[in-house]
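In: heads up, no residue letters with this:
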């Protein structure tokens, strides 16, 4: 199963973003497909934080529109949301200790742990920090 990281959601949402066309096409491929795919809940939370932040975007997306975007993604029949599964703490601890991740990388470790616990085979992301967690295969769909 493929999971989608925050940055792909953000780029697909913000039409003025130069990465929008590729991110939107990548997301559309999943939405229109038959195969199961996922978004970890922390990625939706982070999406809402980023697109509505007035210091990130001028103008920011309104919360109403941002929530509609989340619901539109969640309405895809093959899409599932992922949260912490039983044993999450052990998987997270293993990733943190093996990678020596600290500070902001703990958030990425949380996403990686959620993905691994749910059998995600590939995380689509433009964030190179996931290379700290080699157990989780990543792909940047914004690069040809």
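Out: The structure has been received and is ready for your questions. Being a predicted model, the structure only gives us computed values, none of them experimental.
In: element containing residue 73?
Out: Here residue 73 sits within helix 63-74, counting by DSSP states H and E.
In: Show me what that helix is packed up against.
Out: If contacts are counted by 3 or more CB pairs under 8 Å, 6 or more residues apart in numbering; DSSP states H and E, helix 63-74 sits against helix 6-13, helix 41-51. Placement of C-beta: from N, CA and C, glycine included.
In: Apply 10 Å and report the result again.
Out: Helix 63-74 is packed against helix 6-13, helix 20-32, strand 37-40, helix 41-51, strand 79-82, with contacts defined by 3 or more CB pairs under 10 Å, 6 or more residues apart in numbering; DSSP states H and E.
In: Residue 102: which of these is closest?
Out: helix 41-51 (17.6 Å; CB to CB).
In: Contacts for that closest one next, please.
Out: 3-10, 12-14, 39-40, 56-57, 60-63, 65-67, 69-70, 73-74, 81-84, 107-108, 110-111, 114-115, 123, 125 (CB atoms under 10 Å, 6 or more residues apart in numbering).
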